[in-house]
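Colleague: This is the structure alone, sequence omitted:
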């Protein structure tokens, strides 16, 4: 498998939608089950200077996606928030690491981002370990942050400051 990372394109949207339709993806993000193609076309199909979407692909097959929103508030323009998902059948093969490495490089070396934030469910040990591998630190816990599978769940608030070691 030869995995490439690139900016997502309009023709990737159906596969990105399918990625977030997987139970593992919507259970570990703020997405809902049964996402519509129209929702994803509206979200990713329009140019937004404050949002970057990268995909990891093998030939034309989307294996994972990471989104980075750069805050537009003048006092928070140095901060971005990320969210990502990797297809269940290829998890543990370095795709998440490749996506994180690409978005960190873009943020820190090309977009003058000083701080990258994310939220992760406290029971998602694999994701927490991945983020810590890339220098993200747990800064706090948000209790009852999101409703998931019939109950309120906690998340860790994690962040990485530019120049942190990997």
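Modeller: In hand now; what should we look at? Everything numeric in this text was worked out from a predicted model, so none of it was measured.
Colleague: What segments of the chain are helices?
Modeller: Secondary structure of the chain, counting by DSSP state H: helices at 13-21, 23-27, 37-44, 95-110, 125-133.
Colleague: now the ones you listed in CSV, with mean neighbour count and distance to residue 78?
Modeller: C-betas here are computed from N, CA, C, even on glycine. Output for the helices of the chain, formatted as CSV (neighbours: other C-beta atoms under 10 Å; distance: least, C-beta to C-beta, whole Å):
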stretch, mean neighbour count, distance to residue 78
helix 13-21, 19, 28
helix 23-27, 16, 29
helix 37-44, 15, 24
helix 95-110, 19, 10
helix 125-133, 15, 20
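Colleague: Any chance of JSON lines for those helices, columns mean pLDDT and distance to residue 119?
Modeller: Below are the helices of the chain laid out as JSON lines (pLDDT from 0 to 100; distance: least, C-beta to C-beta, whole Å):
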{"stretch": "helix 13-21", "mean pLDDT": "95", "distance to residue 119": "16"}
{"stretch": "helix 23-27", "mean pLDDT": "92", "distance to residue 119": "14"}
{"stretch": "helix 37-44", "mean pLDDT": "91", "distance to residue 119": "18"}
{"stretch": "helix 95-110", "mean pLDDT": "96", "distance to residue 119": "15"}
{"stretch": "helix 125-133", "mean pLDDT": "97", "distance to residue 119": "10"}
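Colleague: Rebuild these as a markdown table, extending it with distance to residue 61.
Modeller: Output for those, formatted as a markdown table (distance: least, C-beta to C-beta, whole Å):
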| stretch | distance to residue 61 |
| --- | --- |
| helix 13-21 | 7 |
| helix 23-27 | 16 |
| helix 37-44 | 17 |
| helix 95-110 | 11 |
| helix 125-133 | 21 |
